[in-house]
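> My questions are about this predicted structure, shown below with the sequence.
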Amino acid sequence: MLAKPLIAAGAMIALAWSQGFAQGTASPADVQEIVNKASAAAYYQGTNGRATVHMSIKDAQGRERTRDFVILRKNIDDVDNGEQRFYVFFKRPADVNKTSFLVWKHADAEDDRWLYLPALDLVKRIAPSDERTSFVGSHFFYEDVSGRGPEEDTHVLEEETADYFIVRSTPKAPSAVEFARYKNWIHKSTFIPVQTQYYDAAGEVFRTYAAVSVETIDGHSTVVQSSMTDTRIGGTTHMQYSDVAYDVDLPNDIFTERYLRNPPLRHIR
Amino acid sequence: MTLPNMSPVNRPRPYIWAAAIFSLIMVALVAAPTFAPNTFPFLQPLKIDTDPENMLAADEPVRIFHNAMKAEFALHDLIVVGVVNDKHEEGVFNAETLTDIFELTAFAETIRWSAKDSGDAEAEQTGVIAVDIIAPSTVDSIEQAGLGSVRFDWLLSAPPQSDAEALAVRTRAQRIPTLNDTLVSADGKAIALYIPITSKDVGFRVASALRDRISTFDGDAVYYITGLPVAQDQFGVEMFRQMAISAPLAMALIFVLMWFFFRRLNLIASPMIVAMVSVIGAMGLLIITGNTVHIMSSMIPIFVMPIAVLDAVHILSDFYDRYPAIQDRRKTIEHVMRELWQPMLFTTLTTCTGFASLAFTPIPPVQIFGVFVAIGVFMAWFFTITLIPAYIMVMPERAFVGFGMGANGASPDHEATPLARFLHGVGAVTVTQSKLVVAGFLIALAIAGYGVAQIRINDNPVKWFNPDHEIRIADRALNERFGGAYMAYLALSGDQSSEADMLADEAIKRLGALGTPQALTLADAVKRDLPGAGAELFAELRARAVAARDAAEDDDAWYAWDDAALALDSAAQAAEIFKHPDMLRFIEKLQAHLENTGLVGKSNALPDIVKTVHRDLFLGEPDAFRIPDTPEAVAQTLIVYQNSHRPQDLFKLTTPDFKKSVIWLQLKSGDNIDMSAVVDSVDRFIADNPPPMAVSHDWFGLTYINVAWQKKMVSGMARAFLGSFIIVFVLMTVLFRSPSWGLLSMAPLTVTIAVIYGVIGLIGKDYDMPVAVLSSLSLGLAIDYAIHFNARSRQIHAHTGRWDETVKLAFGEPARAIFRNVIVIGIGFLPLLLAPLVPYQTVGIFISAILFLAGAATLLGLPALITLFRHTLFPERTAKCLQNPSSPPAQ
């Protein structure tokens, strides 16, 4: 099993952190609270953020494809688990250079998404639909990148270890998702989800997310390396984050349709 | 000449015991490891092989390529479930049937077994590959969603609530070229589900699970389960049915016919025993030496049986005819063995030659078949010359009271029975009308020659099933409604040899176009290192550009280096030839050409995906259903496609490096002749329309594999046949110590084979695998009668010295033996017509035809020819006076 070394890796990360955080952090009794905090830790740190991402997609045969992109994020009104905007600007492969995605993530409604394809000189609005589709051909789903709403599942605290809350989540709308349930290892002090396992109806794990490496950047615990493995199609995608920064100067109008055609060069360098 | 060994006559019991023990050991050696594999791990169990791919050796390049491509493009063996509903106006597109299909798909996704079942802890799961199922609920649809937005979603995300919703699914699916005519039938009434499985051997389990689930539906839809893995399982079942029912039935009929001729149940049991022991010996050896029971080797019993019975019938026939005169079984059997020893030995040698020659064909199952039939024939000879005399000797003497031809009256030999009188008449006619008879055969040969020229070489393993078999019914149901149920794949691979130069040119061009000092520095570096430069050069220059960019002191320098690095990366992507619009348009043209041949019902390839996504990005306008104009536009279209539920589908049509691409063809017919026509047509198209970039093309897929092994088989068979024809001729010349007698002996088999293949040509029966193998059987059987007739005629002639007297005697006992043989074996094999697989039926009907023809050619043609050429064939009357037919000179 792949899970064991990952848990071990997670435990080591946890050990490293335990020095930086107060020992007596009280564990919230309410599991929904844990999940909300985990979602905030994973997707809402700072008022905004930027990162350069190198994505390596390896298929079942070990053949590699890569994607390089810059991701800009802004929390509207600086509310955790609230309204958010994302701007994803692709640099490589060379032939998709300048392709970009714009997402307006809504807390209580389906997200708005736009796509810009420079070679076709086309800005296209993507109708709301299932968000559990591949993100640019990788093993990550669109929803893994933008975040799954904490209210979309029913959560149960299955186990509490020295370092983790192990939360089992069951979808409220099972027909809208491909999994039967998932299990999340949420680090107790940082609330970073270190590992997520997705189970099928037969109770087998078929998809595993792992936070492979976590660093503290600008005071925020930040996943700088993550992976997603899918045993059904085989292969793994690794994401490597660099040039991560929080609370930078990101004007609102970057996150508008107009900017898709005219990329904010200063912010994506 | 060797003397017959009379030891079985003198000491019969050890021979009978030895044969019995031999059979028991063989049965035990097969049964023990088959039923208790763990107790006897050192023995070879019975292994069934129904995989038509195995007609080619595992290391055959065609097969290696086939397997490599299947792995590279992640293509799996498919179970196809065709769903048809004739009761509903819109076919399956009603809420009820689509709901059932939705449920069946969801169920199919769960059909898999964990490693525990296979006993291998490291093994992956076996069963259905859920992510690759093609079904309405597992594929994506792309469509317009109002306000200029586009939607990507499941084609059928939940069971439809109304018939209108069901119809909407059809409308969406028909807009998508990769689904239309593949998932949804051309008439929009039926659906085909494609269920990939981990390996062919789980086909039966998966199909059974699907059938069980389908039986719980109460809708009006009919479900046809087919696909190669299912067909193969059926094949295995039918093979056993043939071996367990048809072959024993043939044995029973032979037994009845022998009883009709010889009237002694316990006596005629002996040829049955010889045949049984020979079949057990041949099949036993086949299995314990680790060979698989394949469609070819499953026919070994059918081939060994007639040949085994043949010699025994000669002995019994002679014995039956002589016994009334000699009235002593020991003396009779000794007389019979002396008369038949030499022809039996030679018929065995020639038959073995005919089959053993198959060892030189390039088809492994045919080689094994030939070798083991030859072994069976040899064993049949051995058991015939030992067991039959021994058996006769252990029978009580009283069993022979009243036995034999004309035993109850003392009429002359040729008037004893209607058969004797008939053959006597035939003999007389062949002498008096010899020219007419020979002319008749020459005319037959001429017509046969014309027929042979009409022969169509063709095969189709699906047609090995009877037309009313469920596999054939499903096959027709799918081919009538969909693009085609036979899959073939055309792989296009970029030419790697010119790649480095092309990339360097592209880099110089792109860097030159930038014109900045930074870009020009890199361009110079490319020019300098150009000869033999490859991917390393690009990586090195790129690293240089990125390092310089990161060290840049001002924005201008930063962007200049960044642009240069981009130009290098763009240039490197020129190797991704299947993103190039010209290349995609070439494939598009090739696809259109294929669909115009009338043989290809449907093809799926990369351009179909690109055009569909492009169209729906541009408001779904029909005008936008085209390949965009730049590689970047293609790449961006494909990035959009990969934001789907099934991004991996892209790499079933191209490799991730875009250097190879596959066109998936659905053919209406799996006939080799049609596949070959498609192959030729593609060759011509590519010769007339050179691709924009150098690519090689090659085929894979089972429909193509069949063509490959048929080609090998036809040429291999021709060589094997010619070779054994020459060897048999040499053997005949040696046997009769005369080239003219050798030549004469070849006449009946030449006529037989010519007429058989002439008829095949004239009636339009395809020259397929069983027909090809029959040439060896013809050779083996037809020569037998000629040897018996010629050898006996020469013995008689040596005694009488007169041809007219010889004919009279030859048309006594020898002709009756041949005639009885023809009837017993010729009719005895007709039960194979009831066999469930067409190859067995073909073999059954042609064995009968071969025997009747060979019998007629021998009994009519040989005496007529001898009459015409008697002065050449019996030149001098010197030596023969010294010979005594009843006691040939010892060597």
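Perfect, thanks for sending it. Note that the structure is predicted; figures quoted are calculated from it, not measured.
> Those residues of the stretch 151-269 of chain A touching chain B, which are they?
Neighbours of chain B within the stretch 151-269 of chain A, by CB under 8 Å from any CB of the partner chain: A:Ser175, A:Ala201, A:Ala202, A:Arg232, A:Ile233, A:Arg269. From N, CA and C alone the C-beta is placed, and that goes for glycine too.
> Can I get the residues you listed in JSON lines including secondary structure and pLDDT?
Below are those laid out as JSON lines (DSSP: H, G, I helix; E, B strand; the rest coil; pLDDT from 0 to 100):
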{"residue": "A:Ser175", "secondary structure": "helix", "pLDDT": "86"}
{"residue": "A:Ala201", "secondary structure": "coil", "pLDDT": "88"}
{"residue": "A:Ala202", "secondary structure": "coil", "pLDDT": "86"}
{"residue": "A:Arg232", "secondary structure": "coil", "pLDDT": "89"}
{"residue": "A:Ile233", "secondary structure": "coil", "pLDDT": "91"}
{"residue": "A:Arg269", "secondary structure": "coil", "pLDDT": "80"}
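> Closest to B:Ser738 out of these?
Ranked by distance to B:Ser738 (CB to CB), those are led by A:Ile233 at 74.4 Å.
> So the closest one sits against B:Gln648, correct?
Yes: here A:Ile233 reaches B:Gln648: they are 5.0 Å apart, a contact under CB atoms under 8 Å.
> Give the next helix or strand downstream of the worst-scoring helix or strand of chain B on mean pLDDT.
Scoring the helices and strands of chain B by mean pLDDT, DSSP states H and E places helix B:115-118 at the bottom, with a mean of 52. Sequence-wise, the next helix or strand downstream of helix B:115-118 (DSSP states H and E) is strand B:126-127.
> From the contact counts, what lies against that following strand?
strand B:112-113 (3 or more CB pairs under 8 Å, 6 or more residues apart in numbering or on different chains; DSSP states H and E).
> Run the chain-centre distance for the strand it packs on.
30 Å (CA atoms, centre = their mean, to the nearest Å).
> got a list of contacts for it?
Residues outside strand B:112-113 that contact it (CB atoms under 8 Å, 6 or more residues apart in numbering or on different chains) are B:Gln125, B:Thr126, B:Gly127, B:Val128, B:Ala130, B:Thr198, B:Val202, B:Arg205.
> Next SSE downstream of the helix ranked longest in chain B?
The residue-count maximum for a helix in chain B (DSSP state H) belongs to helix B:702-736. Downstream of helix B:702-736, the next assigned helix or strand under DSSP H and E is helix B:739-763.
> Pull out the buried residues from that next one.
B:741-762 (16 or more other CB atoms under 10 Å in any protein chain shown).
> Likewise for stretch A:203-215?
Result for stretch A:203-215 [16+ other CB under 10 Å]: buried residues A:Val205, A:Phe206, A:Arg207, A:Thr208, A:Tyr209, A:Ala210, A:Ala211, A:Val212, A:Val214.
> ditto for stretch B:630-643
B:631-643.
> which bits of the stretch 151-300 of chain B sit near chain A?
B:Arg151, B:Phe152, B:Asp153, B:Trp154, B:Ser157, B:Ala158.
> Against which helices or strands is the helix or strand harbouring B:Phe65 packed?
Here B:Phe65 sits within helix B:61-72, counting by DSSP H and E. Helices and strands touching helix B:61-72, by 3+ CB pairs under 8 Å, 6+ apart, are strand B:695-700, helix B:702-736.
> Nearest to chain A, out of these?
strand B:695-700 (17.0 Å; CB to the nearest CB).
> Could you list the buried residues of that closest one?
Applying 16+ other CB under 10 Å to strand B:695-700 flags B:Val695, B:His697, B:Trp699, B:Phe700 as buried.
> Off-centre distance for stretch A:101-115?
Using CA atoms, centre = their mean, the offset of stretch A:101-115 from its chain centre is 15 Å.
> how far out from the middle of the chain is stretch B:587-604?
With CA atoms, centre = their mean, you get 27 Å for stretch B:587-604.
> just the CA coordinates of that stretch, formatted as CSV?
The C-alpha coordinates for stretch B:587-604 follow below in CSV (Å, rounded to 0.1, in the frame of the first residue of the first chain):
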residue,chain,number,x,y,z
ILE,B,587,-5.9,11.5,-41.4
GLU,B,588,-9.3,13.0,-42.0
LYS,B,589,-8.9,12.4,-45.7
LEU,B,590,-7.7,8.9,-45.1
GLN,B,591,-10.8,8.3,-42.9
ALA,B,592,-13.1,9.6,-45.6
HIS,B,593,-11.3,7.3,-48.1
LEU,B,594,-11.7,4.3,-45.8
GLU,B,595,-15.4,5.0,-45.4
ASN,B,596,-15.8,5.2,-49.1
THR,B,597,-14.5,1.7,-49.6
GLY,B,598,-17.8,0.3,-48.4
LEU,B,599,-15.9,-2.1,-46.1
VAL,B,600,-15.3,0.2,-43.2
GLY,B,601,-18.5,1.2,-41.5
LYS,B,602,-16.9,3.7,-39.2
SER,B,603,-13.6,5.0,-38.1
ASN,B,604,-12.5,7.0,-35.0
